[in-house]
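[1] Structure of the sequence below:
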Amino acid sequence: MSGPFSNDEHPEIVYPCRWSYRIIGADEVRLRAAAVAIAGDAEHTLVLGLESSGGKYRSLQLDVLVRDEEHRLSVFTALGKHPDVRFVL
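    Below is the predicted model of the structure:
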């Protein structure tokens with residue numbers, strides 16, 4: 001199979017690169033604080049996303065300049081473990 005990946009392979013990611021995480025939580029202020037704390041000193045942007053139809057959840061898009069795969073996965077894991085983050089996509 002030709003192309004960037006075959007059956008059992010993942011697409012090749014060239015680092016450093018910007019990586020997007022969609023984070024969802026109940027409190028926008030706390031969600032923003034969690035995102036900024038986890039991104040740390042890495043270059044990042046944070047954009048307000050959608051609100052759930054009932055208004056219970058907000059989403060934010062966090063774009064981080066990740067150094068390597070370990071950094072990319074550690075940001076994802078830290079976001080997922082944070083008590084103010086309900087979901088990470």
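[2] Now do stretch 18-26: everything it contacts.
    Residues from elsewhere that reach stretch 18-26 (Cβ atoms under 8 Å, 6 or more residues apart in numbering): 31, 34-35, 49, 56-66, 72, 75-76, 79, 84-89. C-beta: built from backbone N, CA, C; applies to glycine.
[3] Pull out the buried members of those.
    Among those, those buried by neighbour count (16 or more other Cβ atoms under 10 Å) are 31, 34-35, 57-62, 64, 66, 72, 75-76, 79, 84-86, 88.
[4] can you tell me which of those residues are in helices?
    Among these, the ones falling in helices (DSSP state H) are 31, 34, 35, 72, 75, 76, 79.
[5] hang on, residue 15 in a strand?
    No - Residue 15: not assigned to a strand; according to DSSP: H, G, I helix; E, B strand; the rest coil it is coil.
[6] Please list all residues in contact with it.
    By Cβ under 8 Å, 6+ apart, the contact set of residue 15 is 66, 67, 68, 69, 72.
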